[in-house]
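# I'll drop the sequence and a predicted model, then ask my questions.
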Amino acid sequence: MKLWGLWAILVWLIAGCSAGGEKQPFELSGVPAAFPLPDSIRFMTEEAKARALLGRTLFYDPALSASGRFSCASCHVPSLAFAGGMDRNVGENSGRGRRNTPALFNLWWQSHFFADGGIPRLSEVTLAPMDNAHELNLPIDTLVRKLRRIPAYQQAFQSVFQREPDPFGVTRALMWFQLSLISANSPFDRWYYEKDQMALSASAKRGYALFISERTNCSSCHGPPFFTDGLFYSIGHENLNEPDTGRARISMSVQDVGKFKTPSLRNLAFSGPYMHDGGLQSLEEVLAYYNRGGDIHPNKDARIKVLGLKEAELSDLKNFLLSLSDTSFTKHPAYRPLGYRD
Ligand code: HEC
Ligand code: HEC
């Protein structure tokens, strides 16, 4: 566990001043003017910013786990676009969940959370890892009692929410921090929105043409600007050792067995391994999977079929996908507390 001086951060937070030009959540940099940011983000209120700042402290604090060893950031690592870096992460009680840790960004535009879309609100997502014996294993009421015993949190919650730490404040602060995670400054964005011809290689441009073509149909599910339509499909990928019914867990419909939420394709350079179970290790493996028409599944979408792409075309597609990676996001100091190192 990395020690990064929680108390220093909290004291700084309560003092309410920005030390040494430290970046704050919602201080966006490099987002193209044409990127569809709603005015509600551009003119974020000071109140929401203060909530996000408290949320950032909570996100990185291992006090949120039963053993004091795990925080949200143990699985959602900032340098990996807040993905986990392995097929499935280990949390409390040496447990591994069934699903891959997704990257976290552009959550403002998502209407369902988790691969099966089982959680409709971002403020509610927090409760899931807290209740899970293999993640944080610290129910919210126990956490709230713990935070009330820490004077710096007492003061921070009073200052931000005008009340002592409670489930409302914890879930809302974490929600605002996560809403502040906006990634829109990749080479692709500079080419597509800012018309910077030099931002993308010729190969990546050819890859984009293939991506939006009827030959591949990729963009019909993963279209710009978010590179996800937020809907649920089976592309045929299953984990045969630990079957996961996906969307059917929520809808109880046999037609939804094996369907998962379309993930965004931004920041793939950081967020592997891929798919709901982390079963595909590399982008080459993913592209080879699509090229052969995927695996057999009764609910597989008709668009997943043999593509017959040649080596050079696969390499163009890969270069395009990599052009969606935004290092200004993964390195943005506003998303890490003072002194945090990964
Ligand atoms: C032990 C690892 C682990 C920890 C700790 C953890 N998460 Fe997650 N997180 C996951 C996994 C795995 C999923 C995918 C769950 C699914 O799809 O069923 C996930 C999903 C999410 C999602 C949904 C993203 C999406 O696009 O659907 C959000 C938001 C999230 N976590 C936030 C948090 C927050 C906030 C915390 C801390 C309170 C946290 N996580 C702690 C592993 C973890
Ligand atoms: C019918 C909708 C659909 C089409 C068409 C489609 N995808 Fe996907 N894609 C998905 C879904 C759903 C998943 C998640 C599957 C899972 O988790 O098991 C996914 C996952 C991925 C992933 C893994 C992302 C991650 O973070 O795990 C990549 C990369 C990807 N698709 C690229 C492509 C490319 C390239 C094409 C075109 C060749 C394409 N997709 C066509 C729906 C689609």
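On my side now, so go ahead. Ligands and ions are numbered 1, 2, ... in the order given.

# which stretches of the stretch 201-342 of the chain have low pLDDT?
Across the stretch 201-342 of the chain, nothing is flagged by pLDDT under 70.

# How about the stretch 51-200 of the chain: which residue is closest to ligand 2?
Sorted by distance to ligand 2 under CB to the nearest ligand atom, the residues of the stretch 51-200 of the chain start with Ala115, at 5.8 Å. Where you see a C-beta, it was placed from the backbone N, CA and C, and this is true even at glycine.

# give the contact list for the residue nearest in space to the middle of the chain.
The chain has Leu104 as the residue nearest its centroid, 1.3 Å off, counting by CA atoms, centre = their mean. For Leu104, the contacting residues are His76, Ala81, Phe82, Ala83, Gln178, Leu181, by CB atoms under 8 Å, 6 or more residues apart in numbering.

# re the thing from before, what's near enough to touch the residue of the stretch 51-200 of the chain closest to ligand 2?
For Ala115, the contact set (CB under 8 Å, 6+ apart) comprises Arg99, Pro102, Asp244, Gly246, Phe260, Lys261, His276.

# please redo it, this time with the cut-off set to 6 Å
Arg99, Phe260, Lys261, His276 (CB atoms under 6 Å, 6 or more residues apart in numbering).

# swap in Glu135?
Contact analysis of Glu135 by CB under 6 Å, 6+ apart lists Gly91, Pro129.

# Now name the helix or strand holding it.
Applying DSSP states H and E as the criterion places Glu135 outside every helix and strand.

# Not counting residues beside it along the chain, what's closest to Asp301?
Spatial nearest neighbour of Asp301, chain neighbours left out: Tyr233 (4.6 Å); criterion: CB to CB, 6 or more residues apart in numbering.

# For that neighbour, the count of nearby residues, please.
Residues near Tyr233, counting by other CB atoms under 10 Å, number 20.

# Next, it: phi, psi?
Dihedral pair for Tyr233: phi -140, psi 160, per degrees, to the nearest 10.

# same check, this time on Ile119
The phi/psi pair for Ile119 (degrees, to the nearest 10) reads phi -120, psi 120.

# That one touches Leu127, doesn't it?
No. Taking CB atoms under 6 Å as the definition, Ile119 is not a contact partner of Leu127, at 8.7 Å.

# so the closest residue to Gly279 other than its chain neighbours, which of the three states?
With CB to CB, 6+ apart as the criterion, Gly279 has its nearest non-adjacent residue at 5.7 Å, and that residue is Asn239. Classification of Asn239 using DSSP: H, G, I helix; E, B strand; the rest coil returns coil.

# just checking, Asn239 touches Gly278?
No. Shown here, Asn239 and Gly278 do not form a contact pair, counting by CB under 6 Å, at 9.1 Å.

# Same drill for the two, tell me which one is more crowded.
Set Asn239 next to Gly278 and count neighbours by other CB under 10 Å: Gly278 wins out with 20 against 16.

# on that earlier part again, give the bridge partners for the residue nearest to Asp301, please.
Beta-bridge pairing for Tyr233 (DSSP bridges): Phe260.

# what separates it from ligand 2, distance-wise?
Look at Tyr233 and ligand 2: by CB to the nearest ligand atom, to the nearest Å, they are 4 Å apart.

# Against Phe232, how distant is the nearest residue to Leu321 once chain neighbours are set aside?
What sits nearest to Leu321 in space, not counting adjacent residues and going by CB to CB, 6+ apart, is Leu268, at 5.4 Å. Relative to Phe232, Leu268 is positioned 20 Å away (criterion: CB to CB, to the nearest Å).
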